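Novice: Please find the sequence and the predicted model below.
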Amino acid sequence: MLAETLAAIRPADPRALAEARAYQDRLTKPKGSLGALEDVAVRLAGAAGAVPPPMPVPAALAIFAADHGVHARGVTPWPQEVTVQMVANFLAGGAVANAFAAQAGASVTVVDVGVAADLPDAPGLVKRKIAYGTADLSAGPAMTVDQAVQALEAGISVALDLVAEGARCLITGDMGIANTTASAALIAAFTGRDPAEVTGRGTGIDDDTHTHKIAIVREALAVNSATPVGSQPSDALRVLAGVGGFEHAAIAGFVLGGARARVPVILDGVIAGAAALVAAALDPAVADHCVAGHRSAEPGHAAALDHLGLRPLVELELRVGEGTGGLLAHPLVCAAVRVMHDVATFDSAGVTEKPV
Ligand SMILES: O=C(O)c1ccc[n+]([C@@H]2O[C@H](COP(=O)([O-])O)[C@@H](O)[C@H]2O)c1
Ligand SMILES: Cc1cc2nc[nH]c2cc1C
């Protein structure tokens, strides 16, 4: 399924991109006056191969949940059980992501790809557990390449299923105590930045723990020979398996699945940024199908977005994950596309253009 998906992904359609850009300039507004929103609408036109692009509604949020062996190294103040407890909270509708999803009119699907506990069946829960958490990435590979592929394929099939059910915009979400450590390691590996530049404070840690966390990321990169990453897909898979998490792998698959279905994917925070680097290393064309919902407070997120060439729509110092930043950006993406559907042209409205 991974190979089939990679073979099916197409880059942005250059004709639709050019046509959308030219159309923006004919709408009744000064040229370029909608700033970055014009770029979003043009990007979606290129991704869909249509001008105007389809409205990105309804939206579907998928929260990929997993645990991390590196938790045992003291990289986060939170107990590992919070992952499974928050999964229950998402399913009961009580998390920030649920509130923001209600506001955005988005559905919420929770996917267990590696929580370190058994979960009872529940509406809205998709069970695709690969293992009960990863191994400690600072001691050796976090997972096998085979497990990484299984998690990628879980993400692809969740994306394709949501699109088959009618979703026309996919939003990435994550839950996993300690996953900002794996995110930092992936970002350092794929961007070549130093761990000290891209390792942040996650849910909130003191200076000593932050110094320790940077050292753990360095150990992880060294023990897994995770940098530099070569240009073959097998290199990307090896690095993902070495220092990633199951949710990173699944989110990378979710992004690939959206690109395959030509349905735009709004990326959330640093975990999604790290996962998108994996997806883009597997197929650079996926970036054309992504919108960066926001820029989180984690320093590695900006590094990931720069590497991907994506500009975040919202910057509110959010650092909760779950898909919250992606959900907040959804109405902006809708507004950008609606302009192309609803706004009159200078010709149709009889408005005089600026003399050239
Ligand atoms: O989305 C982000 O950029 C983000 C930044 C910091 C923390 N988080 C969330 O916090 C958890 C990981 O934090 P930590 O400190 O345990 O590595 C995980 O469940 C993430 O969803 C998320
Ligand atoms: C309470 C809590 C909620 C979260 N949501 C995403 N990551 C989280 C981490 C914690 C600790």
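Specialist: Now that the structure is in, tell me what you want to look at. Ligands and ions are numbered 1, 2, ... in the order given.

Novice: just to confirm, which helix or strand has G202 in it?
Specialist: Take DSSP states H and E as the rule and G202 turns out to sit in neither a helix nor a strand.

Novice: my guess is it contacts A297, does it?
Specialist: No. Between G202 and A297 no contact is recorded; they are 9.6 Å apart, counting by Cβ atoms under 8 Å. In short, each C-beta sits where N, CA and C put it, glycine included.

Novice: quick one, which of these two is more surrounded?
Specialist: Applying other Cβ atoms under 10 Å to G202 and A297 shows that G202 carries more neighbours, namely 25 against 17.

Novice: picking that back up, okay, and the common contacts of G202 and A297?
Specialist: R319 (Cβ atoms under 8 Å, 6 or more residues apart in numbering).

Novice: tell me the domain ranges of this protein?
Specialist: Using automatic domain parsing, the domain ranges for the chain come out as 2-53+340-349, 59-333.

Novice: Strands of the protein, start to end?
Specialist: All strands of the chain, identified by DSSP state E, fall at 59-66, 107-114, 125-127, 169-175, 265-267, 290-292.

Novice: looking at the domains of the chain, which is closest to ligand 1?
Specialist: Go through these one by one with Cβ to the nearest ligand atom and the one that ends up closest to ligand 1 is domain 59-333, at 2.2 Å.

Novice: The stretch 201-350 of the chain against ligand 2: which residues are in contact?
Specialist: Applying the criterion Cβ under 6 Å from any ligand atom, the portion of the stretch 201-350 of the chain that neighbours ligand 2 consists of T203, V320, G321, E322.

Novice: these two touch, right, the third one and L267?
Specialist: What that stands for is G321. No. Because the distance of 11.7 Å does not satisfy Cβ under 8 Å, G321 is recorded as not touching L267.

Novice: Who has more neighbours out of those two?
Specialist: Each of G321 and L267 has its neighbours counted (other Cβ under 10 Å); L267 has more, 33 against 30.

Novice: Next up, the contacts around that one.
Specialist: Contact partners of L267, counting by Cβ under 8 Å, 6+ apart, are T172, V255, G273, A276, C290, V291, A292, G293, L310, G326.

Novice: now those as TSV including neighbour count and pLDDT?
Specialist: Below are the contacts of L267 laid out as TSV (neighbours: other Cβ atoms under 10 Å; pLDDT from 0 to 100):
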residue	neighbour count	pLDDT
T172	34	99
V255	30	98
G273	33	98
A276	29	98
C290	27	98
V291	26	98
A292	27	98
G293	29	98
L310	20	98
G326	34	98
